[in-house]
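Novice: Sequence plus predicted model, see below.
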Amino acid sequence: MNDLQNRSAPISKPKIGIVTVSDRASRGEYEDLGGPAIFDYLQTVLVTPFEPRVVVIPDEQSLIEAELCRLADEELCSLIITTGGTGPAARDITPEATEAICQKMMPGFGELMRKVSLDKVPTAILSRQTAGIRNGSLIINLPGKPKAIAECLDAVFPAVPYCIDLLGGPYWETNPDHLIAFRPKQK
């Protein structure tokens, strides 16, 4: 049975990977604020219950690639959201790791996130957020600051449930008090 056939089996709760990429947070020198910000955001936006798979890893491309593959291929997370490692510094390599393991890139996610962030701060042009698809998993790279995480997710999340639908994943409902997921009208 291949991965896509495994994904069509009933799943009690969709799994979502939450990956913080930070040398200091992975060593316990810095409190991880990004991962909890993503979790809190998802708790607010999603009505559908989900199972988080939370990981904190250092800025090492091989480790990031391995973790993204594990979450997509073994844990069968339909969504994986990373935080950190999207800037121009030498150790900021999350987008490279994502591109290395994805079959398709989704550049519109990064473009929209940067557009929204540029309305707030001129240094947003330095951020290299991106998104891609590995098998049936949508992977989204976010910046590391909690405020930027919420702004970026507010921009792109209306398209996420439909993207998950198109990948054969579980049906997600959002909290209409926060945002409404876009799905084409049925004919």
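Specialist: The structure has been received and is ready for your questions.

Novice: Endpoints of stretch 139-152, how far apart?
Specialist: Separation of the first and last residues of stretch 139-152 by Cα to Cα, to the nearest Å is 14 Å.

Novice: In it, which residues are buried?
Specialist: Buried residues in stretch 139-152, defined by neighbour count with 16 or more other Cβ atoms under 10 Å: 139-146, 148-152. Every C-beta, even on glycine, is put in place using the N, C-alpha and C of the backbone.

Novice: what's the answer for stretch 73-81, then?
Specialist: Counting neighbours by 16+ other Cβ under 10 Å, one finds that the buried residues in stretch 73-81 are Asp73, Leu76, Cys77, Ser78, Leu79, Ile80, Ile81.

Novice: What is the end-to-end distance of that stretch?
Specialist: 15 Å.

Novice: quick one, helices of the protein?
Specialist: For the chain, helices defined by DSSP state H occupy the ranges 3-7, 23-26, 34-45, 61-69, 94-101, 107-118, 146-156, 160-166.

Novice: Now for Ile57: which residues touch it?
Specialist: By Cβ atoms under 8 Å, 6 or more residues apart in numbering, the contact list for Ile57 reads Val19, Thr20, Val21, Ser26, Leu63, Ile64, Glu67.

Novice: how about the nearest residue to the fifth one, chain neighbours excluded?
Specialist: Spatial nearest neighbour of Leu63, excluding adjacent residues (Cβ to Cβ, 6 or more residues apart in numbering): Ile57 at 5.1 Å.

Novice: how far away is that neighbour from Ala25?
Specialist: Using Cβ to Cβ, to the nearest Å, Ile57 is found at 9 Å from Ala25.

Novice: Met105 now?
Specialist: Where Ala25 is concerned, Met105 sits at a distance of 26 Å (Cβ to Cβ).
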